[in-house]
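**Student:** Let me see the structure of the following:
(one chain, ligands or ions: 2)
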Amino acid sequence: MSGLSRRGAAPTVRHVHLGLGNFFRAHQAWYTSRAPDATQWGIAAFTGRTPGLVDALTAQDGLYTLVTRSGDGDGFEVVDSIARVFPASDHAAWLGYLKDPRVRVVTMTVTEAGYLRGADGGLDVDRPEVRADVDALRTAPSSPVRTAPAKLVAGLAARCRADAGPLTLVPCDNLPGNGAVTARIVREFAQFVDPGLPGRLEESVSYVTTVVDRITPRPIAADVAAVGAATGADDHAPVVTEPFTEWVLSGDFAAGRPQWEDAGAAFVHDIGPFEERKLWLLNGAHSLLAYTASLRGHVTVSDAMTDETCRAWLEQWWNEASRHLNLPDTDIAAYRAALIDRFANPRMRHRLDQIATDGSQKLPVRLLPVLRLERAAGRVPLGTTRALAAWVCHLRGSGGSVNDVRSADIGPLTAGPLTDAVRTVLGALDPALAADSAVVNAVTVQACEIAPR
Ligand SMILES: NC(=O)c1ccc[n+]([C@@H]2O[C@H](COP(=O)([O-])OP(=O)(O)OC[C@H]3O[C@@H](n4cnc5c(N)ncnc54)[C@H](O)[C@@H]3O)[C@@H](O)[C@H]2O)c1
Ligand SMILES: O=P(O)(O)OC[C@@H](O)[C@@H](O)[C@H](O)[C@H](O)CO
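**Tutor:** Numbers count the residues shown, from 1 in each chain. Ligands and ions are numbered 1, 2, ... in the order given. Got it, this is the predicted structure:
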């Protein structure tokens, strides 16, 4: 078996990515590799925090095998769009690319938690890591920083100082209005560093909003072995994904972009209906299953889909969410039918505990908009409240271990009598929920049913 290596030169870097992980490699890097102008849009990819994939990918010249796993077999292709790979700690390289006039696009996958938003959706300036990075940039603009907002601001400021021309930020995390979210955290962070900086950045930075979709679980050792057996390549960093993929983008690119539309991406004016369809029907269902199905002993999404009770809960949630989607009924029905096949694919090992991470960041986006709309219509939506009930049970120690960026402040709220815990935990997501007795009661009753303790 031989390792992967590039035959010719790597493509010139004109695109930078922050948050090199599995999803970026199954999605944005794959779209770029499929674009007709791929050779003009090489990617420099930086991990978000830990060194992660850097050594393995560097040894393979940035190449890796994408395994497309359907219910009845695997497809294999080598993706070659990543030209250079860097650890998060290489801040000099980050600044170097951001101030390079050839670089025109920055994509990001830093998780929902990586935007460091507070309760009002803006930058949470009380976090010690935010304060540390603000102080660092006030002291010296090239100081190393750790958080994603600080990296963006430091890079954009360096670009501004170098007069390197316009640039577009393309967030690819599962957040509604992710372009506006990114614009806001950049503006607020920059304001803290230097009140004149936001104005200077606005002249040359544009923000695009995206809906991204391709289920990409964390690969396991057997996946590495399967690639070797099928292709003969000694690939230490393959990615496994599903055949389905979607990328919807909205907004202006200030300085060009790859021809992603020729690789299947859709550019639309009104992205709202696409966001709601995806975040509610897919991600909301994922979160529902992550907490309910794990309490019933299931480990993966496809395991959960074999359980009639989980399936009924899923349909109930989908019925509640679908009432509020601004799309034709036939489109919604087709999307739901496709999701059943995607979730049930028994060859995809998408662990529920991976999806359960950071519920405090995900549930406000995936469930609460539907809950509010249902309450406004005078209903208590039991499919939605069941997901919240299972999350509260999860936080109280039923099911798998809790891995949440807010566990320090939400964890203590989960102790004590169940009704009190439900009220305070819901209140930590949205104070209005704690004051809604009908919701608190429904969540409490369902929590007792799901995990009596
Ligand atoms: N995996 C999927 O199916 C999928 C699909 C659609 C969207 N996404 C989005 O992509 C994100 C990453 O998913 P993945 O599967 O690539 O995960 P991954 O664990 O493979 O990679 C995550 C990357 O984000 C970085 N990161 C994590 N926390 C961070 C933080 N607080 N600040 C900065 N960087 C941080 C990590 O260092 C790593 O580079 C998801 O959180 C989601 O928003 C994932
Ligand atoms: O990746 P996360 O942690 O934001 O959420 C877990 C899943 O719900 C999510 O990754 C989906 O698999 C994905 O959004 C499908 O496109």
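**Student:** Can you pull the residues of the stretch 201-350 of the chain lying near ligand 2?
**Tutor:** Proximity of the stretch 201-350 of the chain to ligand 2 is confined to 213-215, 282-283, 286 under the rule CB under 6 Å from any ligand atom. For every residue, glycine as well, the C-beta is placed using N, CA and C.
**Student:** Looking at the residues you listed, which are in helices?
**Tutor:** Residues of these located in helices (DSSP state H): residue 286.
**Student:** Are any of the residues of the stretch 201-350 of the chain next to ligand 2 buried, and if so which?
**Tutor:** Neighbour counting by 16 or more other CB atoms under 10 Å classes 213-215, 282-283, 286 among these as buried.
**Student:** any idea which helix or strand comes after the one helix or strand in the chain whose mean pLDDT sits lowest?
**Tutor:** Here the helix or strand of the chain ranked lowest by mean pLDDT, DSSP states H and E is helix 407-410, holding a mean of 92. Sequence-wise, the next helix or strand downstream of helix 407-410 (DSSP states H and E) is helix 418-429.
**Student:** which other residues reach that following helix?
**Tutor:** 360, 363-364, 368, 388-389, 392, 395-396, 406, 409-410, 413-415, 433-435, 439-440, 443-444, 447-448, 453 (CB atoms under 8 Å, 6 or more residues apart in numbering).
**Student:** got the residue ranges for the helices in the stretch 151-300 of the chain?
**Tutor:** For the stretch 151-300 of the chain, helices defined by DSSP state H, counting those that start in this stretch occupy the ranges 178-193, 197-202, 221-231, 272-276, 285-295.
**Student:** Residue 370 against residue 320, yeah?
**Tutor:** Yes. If you go by CB atoms under 8 Å, residue 370 and residue 320 touch, sitting 5.8 Å apart.
**Student:** Quick check: neighbours shared by the two?
**Tutor:** The contact lists of residue 370 and residue 320 share 381, 384, where a contact means CB under 8 Å, 6+ apart.
**Student:** Give me the sheet partners of the strand or helix carrying residue 78 and which way each runs.
**Tutor:** Using DSSP H and E, residue 78 maps to strand 73-79. Strand pairing for strand 73-79, using DSSP bridges, gives strand 64-70 (antiparallel).
**Student:** what mean pLDDT would you report for the partner strand?
**Tutor:** The predicted model assigns strand 64-70 a mean pLDDT of 98.
**Student:** how near is the residue nearest the centre of the chain to residue 296?
**Tutor:** With distances taken as CA atoms, centre = their mean, residue 173 lies nearest the centre of the chain, 3.3 Å away. Per CB to CB, to the nearest Å, residue 173 is found 29 Å from residue 296.
**Student:** which residues in this protein form strands?
**Tutor:** 13-18, 42-46, 64-70, 73-79, 82-86, 105-108, 167-171, 205-207, 209-213, 239-241, 246-250, 266-267 (DSSP state E).
**Student:** Am I right that residue 184 is in contact with residue 122?
**Tutor:** Yes. Counting by CB under 8 Å, residue 184 does reach residue 122; the two are 5.8 Å apart.
**Student:** which of the two has more neighbours?
**Tutor:** Legend: neighbour count by other CB atoms under 10 Å for residue 184 and residue 122, higher for residue 184 (19 against 16).
**Student:** Report the contact partners of that one.
**Tutor:** 121-123.
**Student:** residue contacts, whichever residue of the stretch 151-300 of the chain sits closest to ligand 1?
**Tutor:** Scanning the stretch 151-300 of the chain for proximity to ligand 1 using CB to the nearest ligand atom identifies residue 173 as nearest, at 3.4 Å. In this structure, residue 173 makes contact with 108-112, 114-115, 212, judged by CB under 8 Å, 6+ apart.
**Student:** and the gap between it and residue 361?
**Tutor:** According to CB to CB, residue 173 and residue 361 sit 10 Å apart.
**Student:** Overlap in contacts, the two.
**Tutor:** The contact sets of residue 173 and residue 361 overlap at 111-112 (CB under 8 Å, 6+ apart).
**Student:** Now stretch 72-90: buried residues?
**Tutor:** Residues 78-90 are the ones in stretch 72-90 that count as buried (16+ other CB under 10 Å).
**Student:** from these, which is closest to ligand 1?
**Tutor:** Using CB to the nearest ligand atom, residue 88 is the member of the buried residues of stretch 72-90 that lies nearest ligand 1, at 6.3 Å.
**Student:** Residues of the protein that sit close to ligand 1?
**Tutor:** 19-24, 47-50, 52, 109-114, 148, 173-174, 212, 214-216.
**Student:** gap between stretch 170-184 and the chain center?
**Tutor:** 10 Å (CA atoms, centre = their mean, to the nearest Å).
**Student:** which of the residues in it are buried?
**Tutor:** Neighbour counts over stretch 170-184 (16+ other CB under 10 Å) mark 170-179, 181-184 as buried.
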